[in-house]
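Novice: I need the structure of the sequence given here:
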Amino acid sequence: MIRKDTWLPADGLILEPNALRAVKEQIHCLALTAGPGAGKTEMLAQRADFLLRTGICRYPKRILAISFKVDASKNLKERVQRRCGKGLTSRFDSYTFHAFAKRIIDRFRVVLTGDDALDIDYKIGNRRIIKKQIEFSDLVPLSIQILKKSCIARHAIRQTYSDVFLDEFQDCTDQQYELVKIAFQSTPIRLTAVGDTKQKIMGWAGALDGIFYTFANDFNAIPLNMYRNFRSKPILLQMQNEIIRTLDPISIMPKEQLLGHDGEIITQEFQHAQAEADYLADLIGNWIEVEKLPLSEIAILVSKQLDLYAYHLMKALELKGIPYRNEQQMQDITVEPAARLIVDYLSCLYSQRDPKAWIRLMDQLNPFADHEVQSNIQSDFQNFFKGQKEETLIAELIEWPFFGWWDFTILFLEKIGTETLIAL
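Specialist: A predicted model of the protein is given here:
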């Protein structure tokens, strides 16, 4: 254990002012937002090191980290171990929301009664079976029910942890936030919520709008923003620092963090959009024809409303016969469940082996039928797929590998039927 005033960031890392302030906060909850590459995970790892190494999180108290995704939970645990060592990391628990909820249910399931009562050997499956099985989506609601009913369960959790980290907090749903509030609101436990409001990816799953503002109000949290991008070269950092100087002067980065001349910033001004489009189209044409730069190595980034802001550029590229792809449209299409279904089907049809695509395909064929009906549907589909697979092999011998892919897709859609597509 070391004194608080002698602690330095682990492994000699240098933190920007707001990150260092967040790491050393000993009283208040924190609502910390940052862009990609700003070191959010690193800040949490350094905070864990500070709390554990200085004894602010005093034994036997522990630190709880809750993430939205499994990989984020694992990455944070590994980062903390690199910074703190195995000894201190033994008091750091990193779970997803659902894993944390399951631990509550496993420990206090006797609180559940009636149709929600569970046997000790209960399982998680694709449908509810009284006492025997629950669905994945039941984990958080049942854990909330336990904490609402049992002061013993609430007290046990609150006595275990001195600090809670909420990673990827921009993706927090209403139920997950309710779990956080029931477990930790109006307690001395320090909560540190970290995320990027511009990277909210779980809106379709109920992620709350304005969650950081709500959290700051509910937990009297200090709002902070991290600015430094660890993926940027010094020249770019220097430019970013001038913007920070205007927007948030107390958060500017010290000069020693900005040393160096690596990186490049080139600006070009135009009178109107057409002039800009013509210039860029000529530049890209020169890269392709003279410098022989592959098309796949050229990207154009547009901050918003790509169809409007890049309209003239796309027309200019068309006039020069330069092919391009609107990635925004591609991304919008690929997140559609029906499009995902078709992509998974084609992946299975034309790949030697793609087990993940096959599992997703089987799950989506008839998601609302009972087990016996699903089994019959899947058996029938496997016979259909086997016939399609044989036809693709014949087509490959006669024509080319993907000959007739659209005809196969039409047959597939006819096979699964309109009802399944509408359900998706």
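Novice: Contacts only, for residue 286.
Specialist: Residue 286 sits next to no residue when contact means C-beta atoms under 8 Å, 6 or more residues apart in numbering. Backbone N, C-alpha and C define where each C-beta goes, glycine included.
Novice: what's the helix or strand where residue 178 lies packed up against?
Specialist: Assigned by DSSP states H and E, residue 178 belongs to helix 174-184. When contacts are defined as 3 or more C-beta pairs under 8 Å, 6 or more residues apart in numbering; DSSP states H and E, helix 174-184 packs onto helix 97-108, helix 139-149, helix 151-160, strand 161-166, helix 211-218.
Novice: what about dumping the CA coordinates of the second one to PDB?
Specialist: Just to be clear, that refers to helix 139-149. Extracted C-alpha coordinates of helix 139-149, given in PDB (Å, rounded to 0.1, in the frame of the first residue of the first chain):
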ATOM      1  CA  LEU A 139     -31.900 -12.400 -16.200                       C
ATOM      2  CA  VAL A 140     -32.000  -8.600 -15.600                       C
ATOM      3  CA  PRO A 141     -35.700  -8.400 -14.700                       C
ATOM      4  CA  LEU A 142     -35.500 -11.300 -12.200                       C
ATOM      5  CA  SER A 143     -32.400  -9.800 -10.500                       C
ATOM      6  CA  ILE A 144     -34.300  -6.500 -10.200                       C
ATOM      7  CA  GLN A 145     -37.200  -8.300  -8.600                       C
ATOM      8  CA  ILE A 146     -34.800  -9.900  -6.100                       C
ATOM      9  CA  LEU A 147     -33.200  -6.600  -5.100                       C
ATOM     10  CA  LYS A 148     -36.600  -4.900  -4.800                       C
ATOM     11  CA  LYS A 149     -37.900  -7.700  -2.500                       C
END
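Novice: Could you figure out how far it is turned away from helix 174-184?
Specialist: Put simply, helix 139-149 runs at 30 degrees to helix 174-184, going by axes from the mean of the first three to the mean of the last three C-alpha atoms, to 10 degrees.
Novice: Helix 139-149 versus helix 97-108: what angle between them?
Specialist: 50 degrees.
Novice: ok, residues contacting the helix holding residue 178?
Specialist: For helix 174-184, the surrounding residues in contact (C-beta under 8 Å, 6+ apart) are 66, 97, 100-101, 140-141, 143-144, 147-148, 154, 157-158, 164, 166, 172, 191, 206, 208, 211, 214-215, 218-219.
Novice: which of those count as buried?
Specialist: Among these, the ones that count as buried by 16 or more other C-beta atoms under 10 Å are 66, 97, 100-101, 140, 143-144, 147, 154, 157, 164, 166, 172, 191, 208, 211, 215, 219.
Novice: Figure out which of the helices and strands packed on helix 174-184 is closest to residue 49.
Specialist: strand 161-166 (12.1 Å; C-beta to C-beta).
Novice: Now do the closest one: which elements does it pack against?
Specialist: Under the contact definition 3+ C-beta pairs under 8 Å, 6+ apart, strand 161-166 sits against helix 40-53, strand 62-67, helix 174-184, strand 190-195.
Novice: Quick check: can you name the pairing partners of it and their directions?
Specialist: strand 62-67 (parallel), strand 190-195 (parallel) (DSSP bridges).
Novice: quick one: it to chain centroid distance?
Specialist: 20 Å (C-alpha atoms, centre = their mean, to the nearest Å).
Novice: quick one on the thing from earlier: can you redo the strands paired with strand 161-166 as a markdown table with mean pLDDT and distance to residue 328?
Specialist: A markdown table is the format used below for the strands paired with strand 161-166 (pLDDT from 0 to 100; distance: least, C-beta to C-beta, whole Å):
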| stretch | mean pLDDT | distance to residue 328 |
| --- | --- | --- |
| strand 62-67 | 95 | 28 |
| strand 190-195 | 94 | 23 |
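Novice: Including distance to residue 127, could those go into CSV?
Specialist: Converted to CSV, the strands paired with strand 161-166 look like this (distance: least, C-beta to C-beta, whole Å):
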stretch, distance to residue 127
strand 62-67, 27
strand 190-195, 33
